[in-house]
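Novice: I'll drop the sequence and a predicted model, then ask my questions.
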Amino acid sequence: MTQDHSTGAQPLLFIDAETVARHLPWPQLLQALHDAFAATDLSTPPRGHYHMQGLAQERTPVLLSMPAWSGALGVGVKLVSVYPDNHTRQLPSIHGLYVLIEGLTGRPEAVLEAGELTARRTAAASALASRYLSRGDSQTLLMVGTGRLSQYLPLAHAQVRPISRVLVWGRTAAKAEDSALALRGLGLQAEAVTSLQDACAQADIVSCATLSSQALIEGQWLRPGTHVDLVGAFTPQMREADDAVFTRVSAVWCDTLAGGLSEAGDIVQALASGALDKTRIAGELADLCRATAPPARGAADITVFKSVGASLEDLAAARLCLQRLQHSQAA
């Protein structure tokens, strides 16, 4: 923390990952995201998306810049680096910082560690969509992927559905078991699985958070009534679900239509192949949050939520974190 004593300026806070996690409990974070998506005064310009050639990586790293502002929440911008090969160095693939700025004066208020912020708001957005799109009696969740989000997505979904069993699949059995063990430590009944096909046949909700460039989930594996939560594939070249998923789906929803139609590899590729037509893209998360009732769904309907990340999620989460931190310090 630093302070300009010559001007009496308020301190610029640095909020580390542990503090971010402690001040973003799931119920309050879900409500903050709901309120942000339901609001009409938010400005969210397209994110800057830069492929950083020449950095001697097997897969090209990506730099993202995500600004947003509103009268109620102020101004914020997130800078994120995505290094797909970092697993070979035992490092996270994603690093970032979030700068929160006072809307009235433009004064920087806080810099937050963005990895934790992003993971928690991403999981909360998926759970918020699931509240509207998955079956109310969904009990078994399949987690595809073993990164940081494999710990957050099941916890977030369990806030809105009676999740009593979590199946975890990863590219290696050891990583899947490690992730399942960690989830058990967090109070969920979790087990590692080796057959993705068999696990899909048991799941009410399939949540994918990977950096895959090839489809992992096949539509023929899904049982009627499944909700599919696609969190990876944030570029047009990436993919987690095959064409057959989209030929079976009754409705596709996105966190933002602009992001879904331009960046989400699952949607971009399914539209290009003809497996998905735009009439089955029902809308975006803001439409769900502003509606007076959830969309009708049959018991056998298969639904898809595609998340590519929305800058308003970061702004809402960062503001909530700072408010709760300041309240705790004042208490």
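Specialist: Looks like it came in fine. Numbering: from 1, shown residues only.
Novice: please count neighbours and contacts with C-alpha atoms only from this point.
Specialist: Will do.
Novice: next, count neighbours for residue 216.
Specialist: Per other Cα atoms under 10 Å, the neighbour tally for residue 216 reads 16.
Novice: should've said residue 291
Specialist: Residue 291 sits with 10 neighbouring residues when counted by other Cα under 10 Å.
Novice: mind exporting the particular helix or strand that has residue 228 in it as PDB, just the C-alpha atoms?
Specialist: Counting by DSSP states H and E, the element that carries residue 228 is strand 227-230. The C-alpha trace of strand 227-230 is given here as PDB (Å, rounded to 0.1, in the frame of the first residue of the first chain):
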ATOM      1  CA  HIS A 227     -26.700 -28.300 -19.500                       C
ATOM      2  CA  VAL A 228     -23.300 -27.700 -21.100                       C
ATOM      3  CA  ASP A 229     -21.100 -25.000 -19.600                       C
ATOM      4  CA  LEU A 230     -18.200 -24.100 -22.000                       C
END
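Novice: counting contacts, what elements does it pack onto?
Specialist: Taking 3 or more Cα pairs under 8 Å, 6 or more residues apart in numbering; DSSP states H and E as contact, the helices and strands that strand 227-230 lies on are helix 114-133, strand 205-208, strand 303-306.
Novice: the second one - which strands sit beside it in the sheet, and in what orientation?
Specialist: Each strand that pairs with strand 205-208, with its direction, by DSSP bridges: strand 140-144 (parallel), strand 227-230 (parallel).
Novice: the next helix or strand after the longest one versus helix 114-133: what angle between them?
Specialist: Toward the C-terminal end, the helix or strand that comes next after strand 140-144 (DSSP H and E) is helix 149-157. If you take axes from the mean of the first three to the mean of the last three Cα atoms, to 10 degrees, helix 149-157 sits at 40 degrees to helix 114-133.
Novice: so where do the strands sit in the protein?
Specialist: Taking DSSP state E to define them, one finds strands in the chain at 13-15, 48-51, 62-70, 74-82, 94-101, 108-113, 140-144, 165-169, 190-192, 205-208, 227-230, 251-254, 281-284, 303-306.
Novice: now the strand holding residue 228: mean pLDDT?
Specialist: For strand 227-230, mean pLDDT is 98.
Novice: before we move on, what about stretch 209-224?
Specialist: Stretch 209-224 shows a mean pLDDT of 96.
Novice: mind putting the helices and strands packed on strand 227-230 into TSV with distance to residue 323?
Specialist: Shown next, in TSV, are the helices and strands packed on strand 227-230 (distance: least, Cα to Cα, whole Å):
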stretch	distance to residue 323
helix 114-133	14
strand 205-208	30
strand 303-306	29
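Novice: as a markdown table, those with mean neighbour count would be great.
Specialist: Below are the helices and strands packed on strand 227-230 laid out as a markdown table (neighbours: other Cα atoms under 10 Å):
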| stretch | mean neighbour count |
| --- | --- |
| helix 114-133 | 24 |
| strand 205-208 | 27 |
| strand 303-306 | 27 |
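Novice: so for residue 292, which of those sits nearest?
Specialist: Residue 292 lies closest, by Cα to Cα, to one member of the helices and strands packed on strand 227-230: helix 114-133, at 11.2 Å.
Novice: same for that closest one, what does it pack against?
Specialist: Of the remaining helices and strands, those touching helix 114-133 by 3+ Cα pairs under 8 Å, 6+ apart are helix 17-22, helix 26-38, strand 94-101, helix 149-157, strand 227-230, helix 285-290, strand 303-306, helix 311-330.
Novice: for the residue nearest to residue 270 when sequence neighbours are not counted, give me its contacts.
Specialist: Distances taken as Cα to Cα, 6 or more residues apart in numbering place residue 276 nearest to residue 270, at 5.3 Å, with adjacent residues excluded. Contacts for residue 276 (Cα atoms under 8 Å, 6 or more residues apart in numbering) come out as 243, 246-247, 267, 270.
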